[in-house]
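*Asks:* Just need the structure, nothing else, for what follows:
(one chain, ligands or ions: 1)
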Amino acid sequence: MTETTAGPVRDRLLDVRPGDRWLVAVAHPDDESFGCGSTIAHAAARGAEVTVACATRGEAGEPAPGSPDGDLGTVREGELRRAAARLGVGRVELLGYRDSGFDGDPPAGSLCAASVPEVADVLRRLVRELRPDVLLVLDGSDGHRDHLHVGAAARAALQGMDGGAPLLVEHCLPNSLLRRWLQEMRSLRPDTAYHALDPATLGRDDADITDVLDTAGVLDRREAAMAEHRSQASPFDGLSPDLRRAFLVRDHLARVDVPGDRA
Ligand SMILES: [Zn+2]
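*Replies:* Coordinates of the predicted model:
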């Protein structure tokens, strides 16, 4: 437990200690590395016992050139397990949904074919079993429906949970950083669809960010984890060294108030 009857309450996000428990809920293999890998590595390096719960095996992903042969879901599950180990994650749970893909009717058995309450029940069972101090999710501001679905399910899972509810934290890409990214993309690749993007809609409003973690000390773990996802193109490939570093050595987080929790 992180709270004591004597003394001040410890900040479970910023003051990570050995034996703390973190649950990271993501939609696809690679979200844990390309998304919130630095935050996971940061917590694990401080001794937290981290579990990654991944809703799908990422079957609808786009195989990168030179991707390993074989069934994509099997390949990506292997990548997830190896990447998680690189980040210091102790346990990986596959929740057994299929990847919903970007659009169209969600296929039978896919994450988005399940209702938010159904997925919330699955997450709530994991929370009751693992008793995490922190529940980390992606904020879904990239608009992928599977990312949004996991975030909504995480909020629903904690709603009304009395006592012992973990602190819910969203990993965000701030609008200011994505404006820099867009500017660079437009100058590097002037003939592409990047010109159609509205800078105002990118990522998360900077005002929502509650915490910024300096994760430079775990950059090597993050890089090693990302390199395991050979079947997927890295979102950071081709960026200038300065911008790439800006994405990788500082993580932006937003604490979420969930009615009924005691975070
Ligand atoms: Zn994803």
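
*Asks:* In the stretch 151-263 of the chain, which residue sits nearest the ion?
*Replies:* At 9.4 Å from the ion, Gln232 is the closest residue in the stretch 151-263 of the chain, using Cβ to the ion. Just so you know, the C-beta spots here come from the backbone N, C-alpha and C atoms, and that holds for glycine as well.

*Asks:* tell me the phi and psi of that residue?
*Replies:* Main-chain torsions, Gln232, degrees, to the nearest 10: phi -120, psi 140.

*Asks:* mind listing what it touches?
*Replies:* Neighbour list for Gln232: Asp30, Phe34, Gly58, Gly61, Glu62, Pro63, Ala64, Ser67, Arg76, Glu79 [criterion: Cβ atoms under 8 Å, 6 or more residues apart in numbering].

*Asks:* unless I'm mixing things up, the first one is touching Thr56, no?
*Replies:* Just to be clear, that refers to Asp30. No: the pair Asp30 / Thr56 is not scored as a contact, 11.1 Å apart, by Cβ atoms under 8 Å.

*Asks:* How many residues are close by the residue nearest to Gly164 when sequence neighbours are not counted?
*Replies:* Excluding the flanking residues, the one nearest Gly164 by Cβ to Cβ, 6 or more residues apart in numbering is Arg131, at 6.3 Å. Using other Cβ atoms under 10 Å, Arg131 has 13 other residues around it.

*Asks:* Model confidence score at Arg131, please.
*Replies:* As predicted, Arg131 sits at a pLDDT of 97.

*Asks:* What of Pro190?
*Replies:* In this model, Pro190 carries a pLDDT of 78.

*Asks:* Equivalent analysis for Ala165, please.
*Replies:* 93.

*Asks:* The closest residue to the ion within the stretch 1-150 of the chain in helix, strand or coil?
*Replies:* At 3.6 Å from the ion, His28 is the closest residue in the stretch 1-150 of the chain, using Cβ to the ion. Under DSSP: H, G, I helix; E, B strand; the rest coil, His28 falls in the coil class.

*Asks:* measure the residue of the stretch 151-263 of the chain closest to the ion to Gly61 for me?
*Replies:* 6 Å (Cβ to Cβ, to the nearest Å).

*Asks:* joint contacts of these two?
*Replies:* Asp30, Arg76.

*Asks:* Run a quick neighbour tally on the nearest residue to Ile209 once chain neighbours are set aside.
*Replies:* Of all residues not flanking Ile209 in the chain, His252 sits nearest, at 4.7 Å (Cβ to Cβ, 6+ apart). The criterion is other Cβ under 10 Å. On that basis, His252 has 22 neighbouring residues.

*Asks:* who's in contact with His252?
*Replies:* Counting by Cβ under 8 Å, 6+ apart, His252 makes contact with His171, Cys172, Leu173, Pro174, Leu177, Arg204, Ile209, Asp211, Val212.

*Asks:* Kindly recompute the last result at 7 Å.
*Replies:* Listed by Cβ atoms under 7 Å, 6 or more residues apart in numbering, the contact partners of His252 are Cys172, Leu173, Pro174, Ile209, Val212.

*Asks:* Next up, identify which helix or strand the last one is on.
*Replies:* Using DSSP states H and E, Val212 maps to strand 211-214.

*Asks:* Give me the sheet partners of that strand and which way each runs.
*Replies:* In the sheet, strand 211-214 lines up against strand 250-256 (antiparallel) (DSSP bridges).
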